[in-house]
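Engineer: dropping a prediction and its sequence here:
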Amino acid sequence: MTDSAIRIRDLVYRWPRQPRPCLDIPALEVVAGERVFLHGPSGSGKSTLLGLLGGVAVPERGAIELLGRDLAGLGGRARDAFRADHTGFVFQQFNLLPWLSALDNARLPCTFSARRKQRAGDAAVEAARLLTHLDLAPELWRQPAAELSVGQQQRVAAARALIGRPEILIADEPTSALDAPRQQAFIDLLLAESAAAGATLLFVSHDARLAAHFDRVIALAEINRAGMADAS
Amino acid sequence: MKRTILFVALLCAVPAFAQHKHVHGEGRLDVAIDKDSLALNLELPLDAAVGFERAPKNDKEKAALAAAARVLDAVPFAPGAAARCSLQSKEVRMPFAGGADRHDHAHEGEDHHADIEASYLFRCADPAALKSVETTLFKDFKRLYRLETRRAGPAGQGAARLTPNKPVLNW
Amino acid sequence: MKAVLLLALKSAWARRLTLGITLVAIALAAALLLAVERVRHDARASFAQSIAGVDLVVGARTGSVQLMLYAVFHSGAATNNIRWDSYAAIASHPAVAWAVPLSLGDSHRGFPVLGTTPAYFDHVRYADGRPLAFAAGRAFAGDIDGVFETVVGSEVARELGYRVGDRVVVTHGMAELGPEHADKPFAVVGVLAPTGTPADRTVHVSLEAIAAIHLDWAGGAPLPGLRIPAAQARKFDLAPREITAALVGLKNRADVFRLQRHINAYRGEPLLAALPGVALDELWQTLAMVEKTLFALSVLVVLVGLAGLTATMLAGLDQRRRELAILRALGAGPREIFLMLIAEGLLVTALGVLAGCGLLAAGILGFAPLVQAQYGIHLAWRAPSGNEIALLASILATGLAASLVPGWRAWRMSLADGLTPRN
């Protein structure tokens, strides 16, 4: 497994009507199956990088390859489809559609991606399996997501990111809304499940204390030349 | 609604009685259909056709009068083609034509007004298909801006207003 | 795509309260628009139905619309009477196929009493030329023995519970509580089948009856000290001297303009002959402005309702930024987001239009009897006509246009926000 899951070359991104780029990353590579902690304080361009990796934004220059495909070379709809097929996201909070049940939220990717639906087998069974693995009590499965606690919601979000075994899992501050004891428990669950699914995990956080169990730690400030210019 | 109708009815009361009012630029057309016959009766203020309502004073006015007579002689009405109507007879009465006869019988006390009267009788091979009559009068008589029509026939009665933009009477 | 639409549906259901209020506004607006169109159409239809087969209405000189409204619809101001010999002269004109005299002025518990001849039941047509039919009984005899017989319309029978054999007392004048001709009651000998025309709400008696009940009256009140019992009334000369109006049918319809001119020039007394169909069209022409204003107002109400939809959806968008970002992360493109919004707007509009149709149906069921009684307009529930379907379609089209604004905004928002909304 030495294929690269994420490969960035000479990436430059500038917000519209901004004189200077906010991202200038000469190189970043994440190997398939690797679990990487990307550390960056808020405002360092993390969200922008995630948008680029998700294919909802296009770089001004450079290449972003996911699983060997250059996203910049794809059209908007192809990037949306690629994201649905190969990438699972977990965000800080409010990850779920509040008016859907926990189970239906976990199954959502299967309605957007035929590939993930096919890989999940029976979506309901697979969602139930993941929710069980993520320690969500079955009596909560049918409840609207809005009625779950933040911790429960994050676990449903993780199940949703994992269903249909996407190759890449991106977690953006997924524990910042949790209290300290639950943070490590959630990270352990995420690490275990992404390992079980054989997924590449990119975990983004401003909190360096969480980096302990990852294969590699990358500081965004170190790879982003635009960030360095900002700091100086 | 009832009050509105009553109110309007009262408004209508006076003008509706004055059946034969003479308004420059406004003609009247009666359309009568019975069995296979279609009778058109036209009343036009002379002014709408030639621009004056008195005996012609010069050759130019005489020529205008003659031109108007030719227009009416050429049957400026076309019943819907599907009914296959053909003209049986026509009668055009121009005031001051030849300077002799004056047709102001309907307008006692209105000496300075003069009307053209024309009637056309068609026979239709398929009267059931007769659903419209078109007029070309507005093209020939630019001063004519309105033709108030009344219609009576097997489809019932009706009133409609023809204008240069809507020269077809449908029912 | 289907999945996205299903999500749109569920999302809309989650916001059913605010969207529901918008829906109600659209439903009311659509119902109003439809009602204006329906009443306009049905008013014309019921008026037109009532004059089928009548070529001319003849009465005293007044407006032709006024004459027709009074003689045919028994509404509006009373007109002067015309002399019987004028009527006889018209009836015997060679172009006239039939003529029926009408005498109006009295009433029975709010229903107009019409004095006429038995020929009325033979010649009056309604709708597409159907003759009047008896649900029960027969026409009044029209001779001296039948003087105190009456035929009531279907609505009169239904509302007052009259059957053949019942007794009826006529009130002098049109007021419900006017002085009564109590000494000369009438026997119901016939009940007409429903027609949807003023005949339904009319009490029909013979012309002689009208003369008989007024034998001992003068100036709208009983003559003091003079009482002529019903039995003796028959001995008087009851031949009518005056009537209110006459309905005339021609042998040849094309003669109508000629005969109209002839009657209008009648030398005996000033008469007016009106072509009822023409007079109606003239009435509608005069009312066109009122109709257009009403229509424009109801279109405006629909636009306000749909503007409410736009506003509600736009306001909802700000709270749904997170939802849209989640859908984006799941793989939805801006196009899907846009379509979701359009679908939601169209759904609310379509349900609103459907509910509007329901409201209209309920309104018609609820108010039809009142409208029939008050205005003589026969409203009936039926599937929307072509015109109405076109109106409904244009409401939907406007609803689509109203959804474009929030749809476009959501598109822009989802492009700007990407996966992480900034709020």
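Structural biologist: Here it is on my side, so go on. Numbers count the residues shown, from 1 in each chain, chains lettered A, B, ... in the order given.

Engineer: pLDDT value on the closest residue to chain C within chain B, please?
Structural biologist: Closest to chain C within chain B is residue B:157: 2.5 Å, counting by C-beta to the nearest C-beta. Glycine gets a C-beta too; all of them are placed from N, C-alpha and C. With respect to pLDDT, residue B:157 scores 88.

Engineer: which strands or helices does the host helix or strand of it pack on?
Structural biologist: Using DSSP states H and E, residue B:157 maps to strand B:156-162. Strand B:156-162 sits against strand B:146-153, strand B:168-170, helix C:276-319, with contacts defined as 3 or more C-beta pairs under 8 Å, 6 or more residues apart in numbering or on different chains; DSSP states H and E.

Engineer: any idea which of those is most buried?
Structural biologist: Burial of those is given as mean neighbour count (mean count of other C-beta atoms under 10 Å in any protein chain shown); strand B:146-153 ranks first at a mean of 22.

Engineer: elements contacting it?
Structural biologist: Counting contacts by 3+ C-beta pairs under 8 Å, 6+ apart, strand B:146-153 is packed against strand B:26-34, strand B:156-162, helix C:256-264, helix C:276-319.

Engineer: now the angle from the one helix or strand residue C:370 maps to to helix C:276-319?
Structural biologist: Taking DSSP H and E as the criterion, residue C:370 maps to helix C:334-375. If you take axes from the mean of the first three to the mean of the last three C-alpha atoms, to 10 degrees, helix C:334-375 sits at 140 degrees to helix C:276-319.

Engineer: quick check: residue C:97 touching residue C:250?
Structural biologist: Yes. At 5.7 Å, residue C:97 counts as touching residue C:250 under the criterion of C-beta atoms under 8 Å.

Engineer: which residue is nearest the middle of chain A?
Structural biologist: Nearest to the geometric centre of chain A sits residue A:170, at 1.4 Å (C-alpha atoms, centre = their mean).

Engineer: would you say that residue is within a helix?
Structural biologist: No. Counting by DSSP: H, G, I helix; E, B strand; the rest coil, residue A:170 is not found in a helix; it is strand.

Engineer: check it and give its pLDDT.
Structural biologist: We have a pLDDT of 93 for residue A:170.

Engineer: cool, and residue B:134?
Structural biologist: 95.

Engineer: is it bridged to anything, and to what?
Structural biologist: residue B:78, residue B:168 (DSSP bridges).

Engineer: got it, and residue A:11?
Structural biologist: The partner residues for residue A:11, given DSSP bridges, come to residue A:25.

Engineer: and it, how many residues sit next to it?
Structural biologist: Using other C-beta atoms under 10 Å in any protein chain shown, residue A:11 is surrounded by 24 other residues.

Engineer: does anything pack onto the helix holding residue C:370? Which helices or strands?
Structural biologist: Where contact means 3+ C-beta pairs under 8 Å, 6+ apart, helix C:334-375 is packed against helix C:2-14, helix C:16-50, helix C:276-319, helix C:321-329, helix C:386-417.

Engineer: what mean pLDDT does the first one get?
Structural biologist: For helix C:2-14, the per-residue pLDDT values average out at 88.

Engineer: helix, strand or coil for residue 105?
Structural biologist: Using chain A here. Following three-state DSSP, we place residue A:105 in the helix state.

Engineer: think we crossed wires, I meant chain C
Structural biologist: Following three-state DSSP, we place residue C:105 in the strand state.

Engineer: go ahead and confirm it touches residue C:245.
Structural biologist: No. Residue C:105 sits out of contact with residue C:245 when judged by C-beta under 8 Å, with a separation of 11.4 Å.

Engineer: these two - which one has more neighbours?
Structural biologist: Shown here are residue C:105 and residue C:245; by other C-beta under 10 Å, residue C:245 has more neighbours (25 against 17).
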